[in-house]
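Asker: Sequence and computational prediction follow.
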Amino acid sequence: MINPDAIQHVTGRSVYLDDIPVLRDTLFGAVFASPVAHGRIVSFDCGMALQQPGVVAVFSARDVPGENQIGGIIPDEPLFADGEVHFCGQPIAFVVAHDEHTARKALKHIRVEIAEMEVITDPREACRRGMLLIPPRTFRSGNIDAAWLQCAHIFEGTTESGGQEHLYIETQGAYACPTENNGIKIHSSTQGPTLVQHTTAVVLGIPMHRVEVDVARLGGGFGGKEDQATAWACMVALAAYKLQKPVKMCLHRLDDMQMTGKRHPYSADFRIGLTNDLKIIAYQAIMYQNGGAAADLSPAILDRSLFHATNCYHIANTEILAYSCKTNLPPNTAFRGFGGPQAMFIMESAIAKAAHELGLPAIEIQQRNLLSEGDVFHYGQTARHVNIGTCLQEASSRFDLPNLIKRVNEFNAANTEMKKGLALMPICFGISFTNKRMNQAHSLVHVYHDGSIGVSTGAVEMGQGVNAKIRQVAAAVFSVDASRIKLETTNTTRVANTSPTAASSGADLNGKATQIACNAILARLKALAAEALKANEQEIEVREEWVWKNKQITHMHWEQLVELAVGERVSLSETGHYATPYIDFDKEAAKGHPFAYHVYGVAILETTVDCIRGIYHFDRALIVHDFGNSINPLIDLGQVEGGLVQGIGWMTMEEVVYNEKGRLLSDSLSTYKVPDIYAVPEDVQCIPLDTNGPELAIMRSKAVGEPPFMYGIGAFFALQNAIKAFNPDYVPDFDAPLTPEKVLMRLFGVQEE
């Protein structure tokens, strides 16, 4: 089924936050943010701003009627800075005026004096000083100390992986309107409507039932709107609640880049031990996560890094130590992969280091250590339905991997100024929230008496096609044409206590809940049809909008069946609730069963480097991916292609740069480079693995949002192999992103300052 939103998008008729018609008397807001990264607020004066024509009010910490707190996992983040500022761009005040231009102009008339304090931006330095957001976490398996004694080869190294700007097309924003009985309705560009609802209630000091949050769709999220959409919604809600008028704010792109957190940069040390036959028997890593000035989602992201520290390899003896470090940067947050990519990069770097020192291709170590059925992950879960080895076999056969390697070697032997590099990137990614309570969803389904159907879930559509998949689920259960089904906006009054649309779980959780609700309604309809047709319920089916009895079509159409149900007063509404079974994890023991299932896949990436200029392009990305039984191959293929290119961007060109004072230097699209059409590999092929998906995936169709991002990690190692082909004295380092400037310096052995 084609995504029904596609035509709306390309014709400009899809309604996003900024497309909502504004109500009469709507006011507009702008944020006054800290100009420094760390300091004590000595004085704050908004008097001149209030005197500007058109300015209605200025709100700060003292105007919050409830709690001046928006921290989710840990309550450590004020809505407005109070007493101290901890990052450049931290909100101090919110100006409200009759139009946006006036509000932004008034920001220049606010006077603040800040006594600057020391700024820490390096996570290792923060760790040395004991500046941690949470206590350190450690995952262990086997006996690491004894394992080192059995190793024939031991290698050590360090890695650096940078941040990444979400750069969603639609910036952060919210539109709040007062409602009857001192309530508030918020249109928010958020992945987590319930989080916005709860936090707004806390800030306003009112119960959650007086806060309604509605989300039609997002113009992209990638995790950047899971937690960080909340602040802007709270600000407009506060102003609307106090002034009893609608208030709207959409951040300008530069403000969005400066004020919001990014993917977490990680600094890490690794140690890897192998036998003579290349079996990895010991692996140790210390991760320093740059969390920024507040916890945000850093603790949960750190957990997922720990879970994915060994990628798709079985290593009996491991010790992974992780620090979440507090620095004077904007609080870093969720981003596609949620800590998994950073950990996998460390693992692949350790393998690349070992391969270089041993003088052999990394693929020999990779394929020797892949997971097998029944292996136990270092966090205690037994690997089931493992097909990473099958993915590699299929990729090698389908794409003729031996011949690809041969052609690369022949090209490098025949060319001096151009060199090719080839790398393999296998992946294993766990699907579920690692917080047990979040693995649940609700769906509300109505069948109207004309046979049309309305579905409300907690899933937020952000371009990933989750609404299309849920629509397919309802259509499949009722066996009706998908045109009969409408997906409603995501609204906290229709579906309460929702988990954010994240962790690649939106379709699984909300699709399963919808399936449950639809099946309950269908059971009632079949019972009614059996009575009307004088048959047993087991003899009744609904197929392609007709009622069948004993595998024979009857005269009763779907619409007639529904009309009969209305006449007989049979309920045609149902709420479905789904909770992922078998999920359990003991955080103290760091052992359990945190994932419903795993997604596997293999990518082969090939690059060509101009060794005089340092510039490069990617010739091909050849992928075998485990979709399970995809219910929408077109949408799923789009997710693979998008994730791949976004991952390549993180590894090769997207460089988030702060100066020593904590000010973002890469704060615009002229200084921060993202992949465009020319960065896409010339040949992208994705072959679905011929396999059956697990029961816990919706209709056995595996989650696909995050896993493909990790394929892009292979781009780093393909480039590194091309550099080695040109410069035999090059000793690989593992500092991502590997930009053209860095490539050029490594080609000619120039040391960075």
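Answerer: Good, I have the coordinates.

Asker: In contact with the residue nearest the centre of the chain, which residues?
Answerer: Against the mean C-alpha coordinate of the chain, by Cα atoms, centre = their mean, the closest residue is R336 at 2.9 Å. By Cβ atoms under 8 Å, 6 or more residues apart in numbering, the contact list for R336 reads 222-223, 643, 646, 705-706, 709. All C-beta spots, glycine's among them, are computed from the backbone N, C-alpha and C.

Asker: Helix, strand, or coil at it?
Answerer: coil (DSSP: H, G, I helix; E, B strand; the rest coil).

Asker: on that earlier part again, buried ones only from the contacts of R336, please, as a ChimeraX command.
Answerer: Buried residues within the contacts of R336, by 16 or more other Cβ atoms under 10 Å, are selected in ChimeraX with:
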select :222,223,643,646,705,706,709
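
Asker: For the contacts of R336, work out which two are farthest apart.
Answerer: Longest distance between any two of those is 12.4 Å, between G223 and G643; criterion Cβ to Cβ.

Asker: how distant is the longest helix along the chain from the center of its chain?
Answerer: Ranked by residue count under DSSP state H, the longest helix found in the chain is helix 506-532. Relative to its chain's centre, helix 506-532 lies at 30 Å (Cα atoms, centre = their mean, to the nearest Å).

Asker: for that helix, packing partners?
Answerer: Applying 3 or more Cβ pairs under 8 Å, 6 or more residues apart in numbering; DSSP states H and E, one finds that helix 506-532 makes contact with strand 440-447, strand 453-457, helix 466-478, strand 540-543, helix 558-567, strand 573-579.

Asker: Just the buried residues of stretch 243-257, please?
Answerer: So, applying 16+ other Cβ under 10 Å, buried residues of stretch 243-257: 243, 245-251, 255-257.

Asker: tell me which of these is nearest to G83?
Answerer: D255 (23.4 Å).

Asker: T739: which of the contacts of R336 is nearest?
Answerer: Q646 (16.2 Å).

Asker: In three-state terms, how would the nearest residue to that closest one once chain neighbours are set aside be classified?
Answerer: Closest residue to Q646 apart from its sequence neighbours, by Cβ to Cβ, 6 or more residues apart in numbering: F709 at 5.9 Å. With three-state DSSP as the basis, F709 sits in helix.

Asker: Distance check, F709 against E364.
Answerer: 26 Å (Cβ to Cβ, to the nearest Å).

Asker: For the stretch 551-700 of the chain, which residues score under the pLDDT cut-off?
Answerer: For the stretch 551-700 of the chain, no stretch has pLDDT under 70.

Asker: Where do the helices of it begin and end?
Answerer: Remark: helices assigned in the stretch 551-700 of the chain by DSSP state H, counting those that start in this stretch are 558-567, 633-652.

Asker: Could I get the buried residue list for the first one?
Answerer: By neighbour count, with 16+ other Cβ under 10 Å as the criterion, the buried positions of helix 558-567 are 558, 560-562, 564-565.

Asker: before we move on, back to that, now the buried residues of stretch 243-257 in JSON lines, with secondary structure?
Answerer: As requested, the buried residues of stretch 243-257 are exported to JSON lines (three-state DSSP):
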{"residue": "L243", "secondary structure": "helix"}
{"residue": "K245", "secondary structure": "coil"}
{"residue": "P246", "secondary structure": "coil"}
{"residue": "V247", "secondary structure": "strand"}
{"residue": "K248", "secondary structure": "strand"}
{"residue": "M249", "secondary structure": "strand"}
{"residue": "C250", "secondary structure": "strand"}
{"residue": "L251", "secondary structure": "coil"}
{"residue": "D255", "secondary structure": "helix"}
{"residue": "D256", "secondary structure": "helix"}
{"residue": "M257", "secondary structure": "helix"}
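
Asker: ok, those vs I431, which is closest?
Answerer: Among these, and counting by Cβ to Cβ, the member closest to I431 is D256, at 29.5 Å.

Asker: I'd assumed I169 was in contact with the closest one.
Answerer: No - the criterion here is Cβ atoms under 8 Å, and D256 misses it with I169 at 11.2 Å.

Asker: rewinding a little: list just the nearest of the contacts of R336 to R543.
Answerer: G705 (32.2 Å).

Asker: Which secondary structure state does that closest one sit in?
Answerer: G705 ends up coil, using three-state DSSP.

Asker: just checking, M235 is part of a strand?
Answerer: No - under three-state DSSP, M235 falls outside any strand and is assigned helix.

Asker: count of residues packed around it?
Answerer: 27 (other Cβ atoms under 10 Å).

Asker: do the same with P581
Answerer: By the other Cβ under 10 Å criterion, the neighbourhood of P581 contains 10 residues.

Asker: who are the neighbours in contact with it?
Answerer: Counted by Cβ under 8 Å, 6+ apart, P581 has contacts L696.

Asker: helices and strands of the protein: which one bottoms out on pLDDT?
Answerer: helix 5-10 (a mean of 88; mean pLDDT, DSSP states H and E).

Asker: Return the set of buried residues in it.
Answerer: Residues D5 are the ones in helix 5-10 that count as buried (16+ other Cβ under 10 Å).

Asker: Centre of the chain to that helix, how far?
Answerer: That offset, for helix 5-10, works out to 23 Å (Cα atoms, centre = their mean).

Asker: what does it contact?
Answerer: Contacts for helix 5-10 (Cβ under 8 Å, 6+ apart): 14, 217, 461, 465, 467-468.

Asker: and these, which are buried?
Answerer: 14, 217, 461, 465, 467-468.

Asker: Specify which member of those is nearest to P135.
Answerer: Of those, the one sitting nearest to P135 (Cβ to Cβ) turns out to be E461, at 37.6 Å.

Asker: you'd agree G389 is up against L370?
Answerer: Yes - applying Cβ under 8 Å, one finds G389 in contact with L370, separated by 5.2 Å.

Asker: what about the two, which has more around it?
Answerer: L370 (21 against 17).

Asker: and the nearest residue to F748 once chain neighbours are set aside, how many neighbours?
Answerer: Among residues not flanking F748 along the chain, N727 sits closest, at 7.2 Å (Cβ to Cβ, 6+ apart). The number of residues packed near N727 is 15, by other Cβ under 10 Å.

Asker: Show me the beta-bridge partners of the residue nearest to K551 when sequence neighbours are not counted.
Answerer: Closest residue to K551 in three dimensions, ignoring its sequence neighbours and counting by Cβ to Cβ, 6+ apart: E541, at 7.6 Å. E541 forms beta bridges with W548, as assigned by DSSP bridges.
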